[in-house]
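Undergrad: Just a sequence and a predicted model for now, questions to come.
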Number of protein chains: 4
Amino acid sequence: MSLPDRDGQASRVGCTLALDVATPATVVIQIAVARRHGATISERLEIVNNTVPMPAQELVGAVGGRQHLFHVQPGTVTVGYEATVAAGAGTPAPVTDEERVEALRPSRYCPSDRLAGLAQSHFGELPTALERVRAIHDYVWRHVGYVSESSGPTTDAVDTLMSARGVCRDFAHLVAALCRAVDVPARIASVYAPGLDPMDFHAVVEAEIDGRWQVWDATRLAPRPALVRIATGRDAADTAFTTVTGGRAELRSLEINAVAAGELPLDDHVRLAALG
Amino acid sequence: MSLPDRDGQASRVGCTLALDVATPATVVIQIAVARRHGATISERLEIVNNTVPMPAQELVGAVGGRQHLFHVQPGTVTVGYEATVAAGAGTPAPVTDEERVEALRPSRYCPSDRLAGLAQSHFGELPTALERVRAIHDYVWRHVGYVSESSGPTTDAVDTLMSARGVCRDFAHLVAALCRAVDVPARIASVYAPGLDPMDFHAVVEAEIDGRWQVWDATRLAPRPALVRIATGRDAADTAFTTVTGGRAELRSLEINAVAAGELPLDDHVRLAALG
Amino acid sequence: MSLPDRDGQASRVGCTLALDVATPATVVIQIAVARRHGATISERLEIVNNTVPMPAQELVGAVGGRQHLFHVQPGTVTVGYEATVAAGAGTPAPVTDEERVEALRPSRYCPSDRLAGLAQSHFGELPTALERVRAIHDYVWRHVGYVSESSGPTTDAVDTLMSARGVCRDFAHLVAALCRAVDVPARIASVYAPGLDPMDFHAVVEAEIDGRWQVWDATRLAPRPALVRIATGRDAADTAFTTVTGGRAELRSLEINAVAAGELPLDDHVRLAALG
Amino acid sequence: MSLPDRDGQASRVGCTLALDVATPATVVIQIAVARRHGATISERLEIVNNTVPMPAQELVGAVGGRQHLFHVQPGTVTVGYEATVAAGAGTPAPVTDEERVEALRPSRYCPSDRLAGLAQSHFGELPTALERVRAIHDYVWRHVGYVSESSGPTTDAVDTLMSARGVCRDFAHLVAALCRAVDVPARIASVYAPGLDPMDFHAVVEAEIDGRWQVWDATRLAPRPALVRIATGRDAADTAFTTVTGGRAELRSLEINAVAAGELPLDDHVRLAALG
């Protein structure tokens, strides 16, 4: 039932981003691929603030995710990252009790408590987690339109359900919120997505099916077996690729690249698949 | 197709309400039955503020509705109203251009602009207004549960859609909001509802079908042919049975009665019906 | 106390707008200046749909406002309007009981019931309507920043209070919502605003002070004595300059002009002023 | 500057709760006091489901918090917990980088991104974290009223700011959201609160001042030095004392007790204080 393994090949991913910095500020980026057992990562991260190379502090997060924190002075900061990841997709990871408890909670952009009534009414009668997730996934795919720039940073899953349009993070938030509301643990992962067009950071959902994390993408815009995990969390509040605190800096440019190991796999977006 | 006429009989409706008044205040009540052509109304309205009978000023509103405004002193105010209404339900009223334009606008509790995407996605493809209203009416009937005290005065149609429960005003707001979002003019009427159990003020929707106002009630709790119109407006902001301004007063008790002319009619809540 | 009269001179206002029409649709525009006692209006309204001149039906609205309704075929529709208005600003109009009752209700973009607690806590202790309105007006002026394109069509007064930025309609909605929440009747007027830069349609608030409608503009971007009223209502749901129903059409271009009679008056935005 | 130490004495806290269980369900409770270095905890936890003692699985959470997870059958489940905690309040804990990054993120009930504009406009100009937190703490204390049952489980900080009333969790959510919006890391702790009247579970805020977690309570209802930490997280989504998943169970009764070690300390709610 699961999608084919992709053992022994290497994906190449990376990004270049530039920020205009108005005041001294602290920046946290989440662009490095997550570490995981059995995967070999070769990578390079370069941060330059006004021609000066800047060291970054690595903070370890959930599911192998890594944040990089650094302090910048007014002017410009550019960040370059590239990585080669050699690994098989392997089998889906088991869900721990701690993960399950957390992945059932409402969160900023997945207010599962607010839409619980609608979710229960539409999907609550289905007997298994798999059937619920498939029905939710199908509902979002059919009813929500992918429209660039149709949402903003404060858009949550209720907004997306109402407006019936959004970008990848909105699809993921809505699927995750509906899952949690019918007692299916769900979390968000940011990923590099070979095959995505136009290329961008991508967001998908991991939901628990029979004790394991399985990945879902209601946008159906990129094949799941080729996704490369970056950050994992409750929603975009945890997985934002860049966060500025204690000062002001704005994104000036962003370029992302992601090439799959070997040929881009096919994906029907119905079968089970695991995120590496 | 339309429900049977009820010519030549008289409904008996009325209410008794008491307010505790903390400071001098202005009170507006909407409890008197709306006037309409061909209907004979015999009525009595008594307002007593701390044993002193109070005169009320009658303000004429939309669709024959009448508001009664009066000023009260601290203590207690009791309002007694009873009316006998003799009239046939007649034919549904034509929709004027002014009414149509207004009944398509979003309003406080019917934010049709917020849920436009969902409404278009679910009901926008249906070719006629009648099919759209029937589908919306059926959707709300199937997905929203009637639960006493499950909503509050600030609950709007988006909240109701999310929580999937509410009382009569919430059902009416959600139906009206969805109708407006798919270009079907819709407004709210407060009514006396013979047969409602437990007895209370009731709220229903009038939507335009083929140029005429037809009445819908997604709670299906009272037969439409026996309803007696009180106030008509965009939503509960226009039809509240009591509003206090410029001071503080709180409802202490409320008793409503409504007896149909003759036997209580049957209603399948699918056929077209007009609100008298 | 009131601003100087501007008797005997004529303002020149108008606009040109073009819509791309995708399907047959009904369009309602509110761009014609409101009629009022003692004002002489010379005007011209031209509507052309794919080179064919189109008649429009005039619907009379509140406070002399006029809507023009017409039906369009796919292609382009252009609307040209120009008017010369000769009138003195005169004295502020008295507030009728019906107007007062309506102007205290919450509305779509002025959810005064939602923010009632904050409003009461900040402004409710002030003893007179004038002090309340001045304090609200000053609060919004100090705390909200005018930022072009910082809001959208579904933005309401709570959103504006939270984000602390908006355009003219957001300022007006927030002022009106706060006023209603402390028992001061308030309504919205769309206006031509000589002196506004960049030129655009403008929105202001009328609030009841001592029984009369006085005008307030927390953006302070145009002098109140030169404003020319177009539409009046509860909020932007009532005063939108163009509304499309029963089909699809999108604004392609819009050009507005407004020249004051004589020299542009000064306005400290603190003294009382009436909207003509 | 800091409040007096309470070395060498023991607080006694605990609770008894009963749930009516409708279907087999999983229950997670957070009622056990958090472990911390230097504190000696003597405790007893008893769970009985229909007369059968139930074992619970202990999940370790943030800041020494412990969740207890167990599965129940239809009928009744009663939980009894009591603990004696002997410890000094000690010094406030240092804030780690990981904690800081997380405590700046918006969360379900603390949507700091939504109210960022208001927060920046009111408190953003104050130069230090201490001044910002004190001003926020004072603002919430002055403007929000403590009203029992004035909020519900889906109430967030924006709702509380608008309605200007709430219970302890609402005060904590609003303070935390405003802090995060002006770049002050803030998190929520649920606590036993000796002196609280009526006795209940309590919620307070920890905000970073000069690199350390300091505790704030805008309700001012219980002295901070006597608080005993239970759970710590982003907001009530993380600290709920009971959560039911995969089935239905409802709280039937709840009784809480908390007695301070020695005499109840005084607290001016202005000076810095640490949560044990």
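TA: Nice, I can see it.
Undergrad: residues from the stretch 51-200 of chain A in reach of chain B?
TA: With CB under 8 Å from any CB of the partner chain as the criterion, the stretch 51-200 of chain A meets chain B at residues A:114-118, A:120-122, A:142-145, A:158, A:161-165. C-beta here means a position set from N, CA and C on the backbone, and glycine is covered the same way.
Undergrad: pLDDT score assigned to A:Tyr139?
TA: What the model reports for A:Tyr139 is a pLDDT of 98.
Undergrad: Give me the next element, helix or strand, following the helix or strand hosting A:Asp138.
TA: In this assignment (DSSP states H and E), A:Asp138 forms part of helix A:129-143. Toward the C-terminal end, the helix or strand that comes next after helix A:129-143 (DSSP H and E) is strand A:145-146.
Undergrad: counting contacts, what elements does that next one pack onto?
TA: Of the remaining helices and strands, those touching strand A:145-146 by 3 or more CB pairs under 8 Å, 6 or more residues apart in numbering or on different chains; DSSP states H and E are strand A:165-166.
Undergrad: show me what contacts the closest residue to A:Val204 other than its chain neighbours?
TA: In space, A:Val204 comes closest to A:Asp217 once its chain neighbours are excluded; the distance is 4.6 Å by CB to CB, 6 or more residues apart in numbering or on different chains. If a contact means CB atoms under 8 Å, 6 or more residues apart in numbering or on different chains, then A:Asp217 has A:Cys168, A:Phe171, A:Ala172, A:His202, A:Val204, A:Val205, A:Arg224, A:His269 as its contacts.
Undergrad: what helix or strand does the nearest residue to A:Met199 once chain neighbours are set aside sit in?
TA: Spatially, and ignoring its direct neighbours in sequence, A:Met199 is nearest to A:Ile256 (5.1 Å; CB to CB, 6+ apart). Applying DSSP H and E as the criterion places A:Ile256 in strand A:249-259.
Undergrad: Please name the residues that touch the spatially most central residue of chain A.
TA: With distances taken as CA atoms, centre = their mean, chain A has A:Ser190 as the residue nearest its mean C-alpha position (1.8 Å). Contacts were defined as CB under 8 Å, 6+ apart; by that measure A:Ser190 touches A:Gln30, A:Phe201, A:His202, A:Ala203, A:Arg229, A:Ile230, A:Ala231, A:Thr232, A:Thr239, A:Phe241.
Undergrad: Drop anything exposed from the residues you listed.
TA: Neighbour counting by 16 or more other CB atoms under 10 Å in any protein chain shown classes A:Gln30, A:Phe201, A:His202, A:Ala203, A:Arg229, A:Ile230, A:Ala231, A:Thr232, A:Thr239, A:Phe241 among the contacts of A:Ser190 as buried.
Undergrad: doesn't A:Gly195 make contact with the third one?
TA: No: applying CB atoms under 8 Å as the test, A:His202 and A:Gly195 come out as separate, 9.8 Å apart.
Undergrad: Mind listing what's buried along stretch A:261-276?
TA: Burial within stretch A:261-276, assessed by neighbour count using 16+ other CB under 10 Å, is assigned to A:Ala261, A:Pro265, A:Asp267, A:His269, A:Leu272, A:Ala273, A:Ala274, A:Leu275, A:Gly276.
Undergrad: Looks to me like the fifth one is in a strand.
TA: Looking back up the chat, that one is A:Leu272. No: A:Leu272 sits outside any strand when classified using DSSP: H, G, I helix; E, B strand; the rest coil, being coil.
Undergrad: Give me every residue in the stretch 151-276 of chain A lying close to chain D.
TA: Counting by CB under 8 Å from any CB, the residues of the stretch 151-276 of chain A near chain D are A:Pro153, A:Thr154, A:Asp183, A:Ala237, A:Asp238, A:Thr243, A:Thr245, A:Gly246.
Undergrad: What average pLDDT does the helix or strand the fifth one falls within get?
TA: What that stands for is A:Asp238. Taking DSSP H and E as the criterion, A:Asp238 maps to helix A:236-239. Taken as a whole, helix A:236-239 has a mean pLDDT of 98.
Undergrad: For that helix, give me every contacting residue.
TA: Residues beyond helix A:236-239 that count as contacts (CB under 8 Å, 6+ apart) turn out to be A:30, A:61-62, A:107-109, A:169, A:173, A:188-190, A:203, A:230-233, D:105-107.
Undergrad: rerun that using 6 Å as the cut-off
TA: For helix A:236-239, the external contacting residues (CB atoms under 6 Å, 6 or more residues apart in numbering or on different chains) are A:Arg108, A:Tyr109, A:Arg169, A:Ile188, A:Ser190, A:Ala231, A:Gly233, D:Arg105, D:Pro106.
Undergrad: Sort out for me which of those residues are in strands.
TA: Using DSSP state E, the members of the contacts of helix A:236-239 that fall in strands are A:Ile188, A:Ser190, A:Ala231, A:Gly233.
Undergrad: Low-confidence stretches in chain A?
TA: Along chain A, segments meeting pLDDT under 70 span A:1-8, A:88-89.
Undergrad: domains for it, by residue range?
TA: By the assignment in automatic domain parsing, chain A contains the domains A:10-88+A:243-258, A:97-236.
Undergrad: Tabulate those in a markdown table, adding columns for distance to B:Ala129.
TA: Supplementary listing: those in a markdown table, determined by distance: least, CB to CB, whole Å:
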| stretch | distance to B:Ala129 |
| --- | --- |
| domain A:10-88+A:243-258 | 46 |
| domain A:97-236 | 21 |
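Undergrad: deepest of these, which one?
TA: Of all those, domain A:97-236 carries the top mean neighbour count, a mean of 22, counting by mean count of other CB atoms under 10 Å in any protein chain shown.
Undergrad: how close does A:Leu221 get to chain B?
TA: As judged by CB to the nearest CB, to the nearest Å, A:Leu221 and chain B stand 19 Å apart.
Undergrad: Nearest to chain B: which residue in the stretch 151-276 of chain A?
TA: A:Ala164 (2.9 Å; CB to the nearest CB).
Undergrad: now stretch A:44-60: how far from the chain's centre is it?
TA: When C-alpha coordinates are averaged (CA atoms, centre = their mean, to the nearest Å), stretch A:44-60 and its chain have centres 23 Å apart.
Undergrad: Next, see if that stretch gets close to chain D.
TA: Yes: in terms of CB under 6 Å from any CB of the partner chain, part of stretch A:44-60 sits within range of chain D, namely A:Leu59.
Undergrad: On the three-state scheme, A:Leu221 is what?
TA: Using three-state DSSP, the structure places A:Leu221 in coil.
Undergrad: re earlier: make a markdown table out of the contacts of helix A:236-239 and add distance to C:Val133.
TA: Written out in a markdown table, the entries for the contacts of helix A:236-239 read as follows (distance: CB to CB, whole Å):
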| residue | distance to C:Val133 |
| --- | --- |
| A:Arg108 | 36 |
| A:Tyr109 | 38 |
| A:Arg169 | 42 |
| A:Ile188 | 46 |
| A:Ser190 | 48 |
| A:Ala231 | 49 |
| A:Gly233 | 46 |
| D:Arg105 | 39 |
| D:Pro106 | 34 |
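Undergrad: Now for the closest residue to A:Leu227 other than its chain neighbours: which residues touch it?
TA: If the residues on either side of it in the chain are set aside, A:Leu227 comes closest to A:Val191, at 4.3 Å by CB to CB, 6+ apart. With contacts defined as CB under 6 Å, 6+ apart, A:Val191 is in contact with A:His202, A:Val204, A:Leu227, A:Val228, A:Arg229, A:Ile230.
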